[in-house]
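J.: no sequence on this one, just coordinates:
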DNA sequence: GAACCGTGCGGGAGCGCTCCCACACCTCGC
DNA sequence: GCGAGGTGTGGGAGCGCTCCCGCACGGTTC
């Protein structure tokens, strides 16, 4: 019952069981082509019989490389980040690496603490969504030779790879869609302009409008990108636009509710596009058309770029990979009947 | 610039710099009381000067214990699980352990693969939300002497610790609340009865009703616990109850919308309580009263119980820790004015 | 038959650290 | 003045593994 004290088999045990040397077992496991097929078979039998599981930590001590990757996120609970985590976990699993979850909890000193931990563990690299755009904090990792790729943040190409979504394109396709549906009097409901994403989405929106001379674009800025502020804005709106692009689904959800309160019909009177394709977008009364971001792909790509850097070293060229968002069309821009 | 090749300082380098032996450095770091204060200070200076970072992997090789804990989840993207992850990450951080994120992706073979990985890494233990109630798969870990604590799943006490939320209590307080608000003709909108959580919440609801002779309780089962099915159920309801307990917030959100379509006023005509305190509960038109689960606490407690088992070994007694849910009262059971 | 080569295997050092033990030195007490 | 006891430090083996070599053996070739 209480077999807690069984010591796991070591490579020597396998060697003894198979009647070969430790080196040979190691070779069978790592460079099978060097060893005679019959010997290899014997070794493998012994491995199976003893249920031998190699100890990568010990191997790493010898070889100098570990097999863990850090994933540093401000908040796992946020869907955006947890989707990154999922993508990253999948990729890490596929490549036989383990992912160390580092939840920086929006606290810089904790982020720093995790960096130290990753240095200690000799992690092969890290995927990080940094708390601030200020890159000096990242230097702790970089000066230790731990490669990193940033997610959702730009980084100068000399410093490393990064992955992100093209927010300008997102804003553009959202507004293009509105224009295609016939809207001409457009409103962007945005978050603080200091948030890069918000600025980019707005700029994308402006680009789209520029192509249609007769269209005009207003902007209103919400203090926070929440349902409550969306609602508030809808209530205060003086003259109604015929198309609204909210730079986030929460704002859009609130806005729709506020408009509904005023008796405004969606999409007949006003068409609305959100951003993010969050759960809420499809749950809402009139399901929201929205911009979908391939976030899992970010995570996956991030660890793959990291591993490329680790494995290729010299030949590796840093890359800022930008993913294209897509439009999800739902009822908030789709006439109830017909096309 | 390209200092990628700098080799990190080893304990020997520190020893040399401080003019002491390797053992002394090790002692300063691990059992400072054994070493003279002045020597210790000299060593610490050297550590700082060389920016020495100890290598727990090497230490672990010697001591036999590693410092990583596995966290095996069906899906990081699910809020329930990501909240567990947050709690677990916080606790692990506080105790100086690193958390290895294992995303089993609802695939048993992948879960198994992660178990093997954890065995390889000699993880000190694992917190797992298993894919199936069948415990045999977990044996891979247990027979290797890797302690584990189950989250959100029962486990016989001989086999290990577990953490969970008391779903019966949750159902009870939800319905008690409805009763206190004067509802007597109650309906439970439930998920499949084969889901343990659903069965428990229903049973709790029945317990609560039993205390009020004049109250009655019906149940309707939704195929899936989604907004769509909640909506559907609201549409088909023949005679309206005056209180509804939905065993999940999605169902509740859909139900509310369906009732609103029919002109039913919430909470005036029908009071509604959801379950889970998901984001959606507060976003919805009439914010939902709902049962809140202290999920972060589960995660935190899980790793703490795990560490207790690891550190106390002999004295450790397995425990099935059950957390109490709480009620969050919002508009769906609160008369617009007054109490 | 000697020289050579290729293949397969084993010896053993060493990765960075911990920790047991021995040793040096100092202070007391008698 | 000598042993006992205490304190502080160092030597060195060994954790499980990898990988560089070097050796043995059998087969070619001239």
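T.: Yep, it's here. Fair warning: this is a prediction, and the values are worked out from it, not measured in the lab. Numbers count the residues shown, from 1 in each chain, chains lettered A, B, ... in the order given.

J.: Tell me which residue in the stretch 201-339 of chain A sits closest to DNA strand C.
T.: Distance from DNA strand C to each residue of the stretch 201-339 of chain A (CB to the nearest atom of the strand) is smallest for residue A:310, at 17.9 Å. For the C-beta atoms, the positions are set from N, CA and C on the backbone; glycine is no exception.

J.: thought that residue was touching residue A:126?
T.: No. Between residue A:310 and residue A:126 there is no contact under CB atoms under 8 Å: 11.0 Å.

J.: Overlap in contacts, the two.
T.: Taking CB atoms under 8 Å, 6 or more residues apart in numbering or on different chains as the criterion, residue A:310 and residue A:126 both touch residue A:147.

J.: close enough to count as contact, residue A:212 and residue A:180?
T.: No. In this structure residue A:212 lies outside contact range of residue A:180 using CB under 8 Å: 9.8 Å.

J.: ok, the two, which is more surrounded?
T.: residue A:212 (16 against 11; other CB atoms under 10 Å in any protein chain shown).

J.: From DNA strand D, how far out is the more buried one?
T.: 62 Å (CB to the nearest atom of the strand, to the nearest Å).

J.: pLDDT at that residue, what is it?
T.: Residue A:212 carries a pLDDT score of 89 in this model.

J.: With adjacent residues omitted, what lies nearest to it?
T.: residue A:179 (5.4 Å; CB to CB, 6 or more residues apart in numbering or on different chains).

J.: burial count for that neighbour?
T.: 18.

J.: tell me the mean pLDDT over the helix or strand containing it?
T.: In the assignment (DSSP states H and E), residue A:179 maps to helix A:167-180. For helix A:167-180, the mean pLDDT works out to 98.

J.: Return the set of buried residues in that helix.
T.: Using 16 or more other CB atoms under 10 Å in any protein chain shown as the test for burial, helix A:167-180 gives A:167-179.

J.: got the contact list for that helix?
T.: So helix A:167-180 is contacted by A:186, A:188, A:196-197, A:200-209, A:211-212, A:215, A:217, A:243-245, A:247, A:271, A:273, A:275, A:289, A:291, A:293, A:324-327, A:329, A:333 (CB under 8 Å, 6+ apart).

J.: got it, and stretch A:51-58?
T.: For stretch A:51-58, the surrounding residues in contact (CB under 8 Å, 6+ apart) are A:8-11, A:13-14, A:29, A:46, A:66-67, B:57, B:60-61, B:66, B:116, B:119-122, B:144.

J.: What about the contacts of helix A:167-180, which are in helices?
T.: With helices defined by DSSP state H, the entries of the contacts of helix A:167-180 inside them are A:196-197, A:200-209.

J.: For the stretch 1-150 of chain A, which segments are assigned as strands?
T.: Counting by DSSP state E, counting those that start in this stretch, the stretch 1-150 of chain A has strands at residues A:68-73, A:98-103, A:125-128, A:148-151.

J.: among those, which is nearest residue B:283?
T.: With CB to CB, the closest approach to residue B:283 among the strands of the stretch 1-150 of chain A belongs to strand A:68-73: 23.4 Å.

J.: one step back: what's the spacing between the residue nearest to residue A:212 and DNA strand D?
T.: Applying CB to the nearest atom of the strand to residue A:179 and DNA strand D gives a distance of 59 Å.

J.: And for residue A:104?
T.: 32 Å.

J.: same thing with residue A:189?
T.: For residue A:189, the distance to DNA strand D - CB to the nearest atom of the strand - is 57 Å.

J.: what sits against that residue?
T.: A:219-220, A:222, A:230, A:233, A:244-247, A:251-252, A:255.

J.: Would you mind naming the residues that bridge with it?
T.: residue A:220, residue A:246 (DSSP bridges).

J.: re earlier: the helix holding residue A:179 vs helix A:196-210, what angle?
T.: Orientation check (axes from the mean of the first three to the mean of the last three CA atoms, to 10 degrees): helix A:167-180 against helix A:196-210 gives 40 degrees.

J.: that older thread, next, format the strands of the stretch 1-150 of chain A as JSON lines and append mean neighbour count.
T.: Shown next, in JSON lines, are these (neighbours: other CB atoms under 10 Å in any protein chain shown):
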{"stretch": "strand A:68-73", "mean neighbour count": "27"}
{"stretch": "strand A:98-103", "mean neighbour count": "26"}
{"stretch": "strand A:125-128", "mean neighbour count": "28"}
{"stretch": "strand A:148-151", "mean neighbour count": "27"}
